[in-house]
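In: coords please:
(chains A and B)
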Number of protein chains: 2
Amino acid sequence: VTTYRTVQRKRDGEELEPAEIAAFLIAYQEGRVADYQMAAFLMAVFIRGMTSAELNAMVDVMLHSGEVVDLSSVEGTKVDKHSTGGVGDKVSIVLAPLVASLGVPVPMMSGRGLGHSGGTVDKLESIPGFRTGLTLAEYRAQMERVGCALIAQTDEVAPLDRKLYALRDVTATVESIPLIASSIMSKKLAEGIDALVLDVKVGNGAFLPEESAATELARTMIEVGEAHGRSVVARMTAMDRPLGHAVGNALEIAECVQALRGGGPPDLREVTVELAAEMLVLGGASPDLAAGREQAATALNDGRALEKMHEIIMAQGGDARVLDEPVRLPRAAIRRDILCEKPGIAGVMDVRAIGHAAVALGAGRSQLGAAIDPAVGLDIPVKPGDPVERGERIATIYAQDEASAAAAAATLREAIPVGAAKPATLPLIGKRLTGAAVTTARAQ
Amino acid sequence: VTTYRTVQRKRDGEELEPAEIAAFLIAYQEGRVADYQMAAFLMAVFIRGMTSAELNAMVDVMLHSGEVVDLSSVEGTKVDKHSTGGVGDKVSIVLAPLVASLGVPVPMMSGRGLGHSGGTVDKLESIPGFRTGLTLAEYRAQMERVGCALIAQTDEVAPLDRKLYALRDVTATVESIPLIASSIMSKKLAEGIDALVLDVKVGNGAFLPEESAATELARTMIEVGEAHGRSVVARMTAMDRPLGHAVGNALEIAECVQALRGGGPPDLREVTVELAAEMLVLGGASPDLAAGREQAATALNDGRALEKMHEIIMAQGGDARVLDEPVRLPRAAIRRDILCEKPGIAGVMDVRAIGHAAVALGAGRSQLGAAIDPAVGLDIPVKPGDPVERGERIATIYAQDEASAAAAAATLREAIPVGAAKPATLPLIGKRLTGAAVTTARAQ
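Out: Purely as a prediction, here's the structure:
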């Protein structure tokens, strides 16, 4: 089958043979299919969709396009967590040491900030000295020794995904469920995991705000995982508000330290404990979710999670004193509080605008490869539905100059409305999806 | 509106603003939109289609992307004919001098062979010395002096169409009705015409074999023409058989000379006379189609069309003696007759296979820019439905070597079936479409 014929068949909504899709992708990786041909193909996939068989063939080629990490030298069932991304989503930084402290190895490769959302790697790098760029040999060695590593995706793992993503990013072919699923799952399958928990965000701050689309994405990733012999559980969590209070890299690390000490915002703790319970069950460390939640809460309260984080930071060259002295984290010079102008009830927030406000302060990138400022960000102590008084602090801006602080203030006043009625909000923890069964609301 | 947003909107089936589509195309022409972005856009257009307003905006940009020829110095209503292409379609070479001989100026820019179909320019170039590559100044001067010019599309006219076509050709985005219509109409509108007759082929040898698709293409081109103030009439003609007997460049010129002398195959003459009548009416030289047919038939019989062709060949540097001495045309060394093996009735031909057989002999190109051999080709004297005897000649192959002759013979035996029943065939001249009214079958 020629390149042309493959594009034509996908264009016309025909189902491609697995071998055909594999040949096309390999030809692209080797430079025998041009970017413009792949762009036409990706647009056809965007509009026509993909069958499970097509998607699995695509993921196969992508995951084998570089190194496939072998973690068989690490004892136990390796379980990772992936979030579809949001604002203030710092869960990984609490969750990974927490789960590892309970004996389940957590090999975690994370991304950088994208669009309005922050990235785990950017956040970790606000810890002075913390190296996210380990080699695969260092990564494997740390997994053996510490049971957890928090690193950036490397060029060696799934390089075809990187090439495809860069093309999708400039051809309006990003928000396709099979393409998103192929990108996430090819990287996760290549990093050496046995099982995966997906945190699928819904709400206006999520990349796929609608629950129906988020559900389809979750189901698709579960199918791909199972087709590749991995257990996958997906949880839908709310992104119609930032998670926790802090938005911005060093601010979020400080909040993670609170959570690792058994404190921090309740919503951050609740989501972390729930996802930890899923990972502990998948990793064979808990008999069921209820027991897993109990174990996780205990390990946050008794310092075991914090101790594991200490080990991880030391192993990756970071200054672990930040765990005891958060003042060692960078903090911007200007601090401006936003006070509530009238009594009422906090309404539904424009989470995407809040994320963009943080990016505009310097917490994220407007251009590929730009430097970020770990010291800037936002603190938003209120949640939708909270009663607020006149003069009560509803946000704090950490900025490096007055102009950007003023811009952020204007955005936040719009993005955090105060009204008379209690707003309709999403449940913090929503549907649970697995390969076999789906339960709505919280699984007990 | 950003480039990304334009691709995204078309992807999602939204209607683009004319200014938006124009900005996108101009950015592509100027190199600010990359090939891969245009490829994604073209695929989205292929699948989602285009509204009339979108298509007219696209045609506007394409037609103004280069020189727009001003033929106001040529008196009269300038009328051209465009065929959607087929096998043995040599009509232009008889029609243009015929109509010009009756006082209607015919400015004709034609293409080269494409796929299984031949091209008017390739055919004309088999006349020794004939120059199809006139400059626009020479073209205009010849129009003023002779009232007809038969030239190749130049780089100066609609260069954006050329760039887009090359990209469509490698991204499986060729067979899209709005994209085909934009390509044809932008070139025709730029060449200086006032009115246009479209010869829309249907049947297995056409690029759009189905009558429904061909009709949609015809209607689309009529709409574009009218939106640009030009009268357009479309005629559907049969391409479930080659037109005339000859397939191949010099062979087709020889057949055209027969037609210009009042002879030649009846189907070639009938289609030519019908299209000439349409052009004569549009050009104001005939009051109605019946009178136009009469005038056209007379000008073929009394030598006026032949005389005009003599003038054209002389003006374009060709050896006009071919009109009296066809032996001056190149003719391949090997001539092989295919004889009928059993008595019966000639069936429905595989016209595309016949076209490809001629290409394989060297009459067309398998690769862009390759040289063609004017001397080779086929002669197929039978038509579907004709009774044939055992031993009767059903085809002749003109080849340069035995191997290619044998290959063509094998193809032709398959492509020209002989059976017991009279096959279902298309009417030689079918529907007539105009902006205002549509009549089925032949208009009287």
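In: residue boundaries of the strands in chain A?
Out: For chain A, the strands defined by DSSP state E occupy A:79-83, A:106-110, A:148-152, A:195-202, A:231-238, A:246-247, A:334-339, A:344-346, A:377-379, A:387-388, A:393-399, A:418-419, A:429-434, A:438-439.
In: Check those strands for me and report the most buried one.
Out: strand A:246-247 (a mean of 31; mean count of other C-beta atoms under 10 Å in any protein chain shown). The C-beta positions use only the backbone N, C-alpha and C, and glycine is treated the same way.
In: partners of that strand in the sheet?
Out: strand A:377-379 (antiparallel) (DSSP bridges).
In: Contacts only, for the residue nearest to the spatial centre of chain A.
Out: Ranked by distance to the mean C-alpha position of chain A (C-alpha atoms, centre = their mean), the top residue is A:S83 at 3.2 Å. By C-beta atoms under 8 Å, 6 or more residues apart in numbering or on different chains, A:S83 lies in contact with A:D89, A:V91, A:S92, A:L198, A:D199, A:V200, A:K201.
In: repeat that with 6 Å
Out: By C-beta atoms under 6 Å, 6 or more residues apart in numbering or on different chains, A:S83 lies in contact with A:D89, A:D199.
In: before we move on, what about A:L412?
Out: Residues in contact with A:L412 (C-beta under 6 Å, 6+ apart) are A:I338, A:A395.
In: now do the one 3 residues further on
Out: A:A415 makes contact with A:M349, A:D350, A:A353, A:I354 under the criterion C-beta under 6 Å, 6+ apart.
In: and which of those residues is nearest A:A320?
Out: If you rank the contacts of A:A415 by distance to A:A320 using C-beta to C-beta, A:I354 comes first, at 30.5 Å.
In: still on that earlier bit, could you identify the most distant pair in the contacts of A:A415?
Out: A:M349 and A:A353 (8.2 Å).
In: where does chain A have low pLDDT?
Out: Within chain A, the ranges that satisfy pLDDT under 70 run A:1, A:368, A:436-444.
In: hmm, back to that, could you dump the contacts of A:A415 into CSV with neighbour count and distance to chain B added?
Out: Listed next are those as CSV, based on neighbours: other C-beta atoms under 10 Å in any protein chain shown; distance: C-beta to the nearest C-beta, whole Å:
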residue, neighbour count, distance to chain B
A:M349, 26, 25
A:D350, 19, 20
A:A353, 18, 18
A:I354, 26, 23
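In: Chain B contacts on chain A?
Out: Residues of chain A lying close to chain B (C-beta under 6 Å from any C-beta of the partner chain) are A:4, A:7-8, A:11, A:35-37, A:39-40, A:43-44, A:47, A:171-172.
In: Which ones among those lie within helices?
Out: Under the assignment DSSP state H, those contribute A:Y4, A:V7, A:Q8, A:R11, A:D35, A:Y36, A:Q37, A:A39, A:A40, A:M43, A:A44, A:I47 to helices.
In: out of those residues, which are buried?
Out: A:V7, A:Q8, A:R11, A:D35, A:Y36, A:Q37, A:A39, A:A40, A:M43, A:A44, A:I47 (16 or more other C-beta atoms under 10 Å in any protein chain shown).
In: Tell me if I'm right that A:G347 and A:P417 touch.
Out: Yes - between A:G347 and A:P417 there is a contact under C-beta atoms under 6 Å: 4.0 Å.
In: higher neighbour count, these two?
Out: A:G347 (19 against 15; other C-beta atoms under 10 Å in any protein chain shown).
In: what's near enough to touch the more buried one?
Out: So A:G347 contacts A:P417, A:G419, A:P423 (C-beta under 6 Å, 6+ apart).
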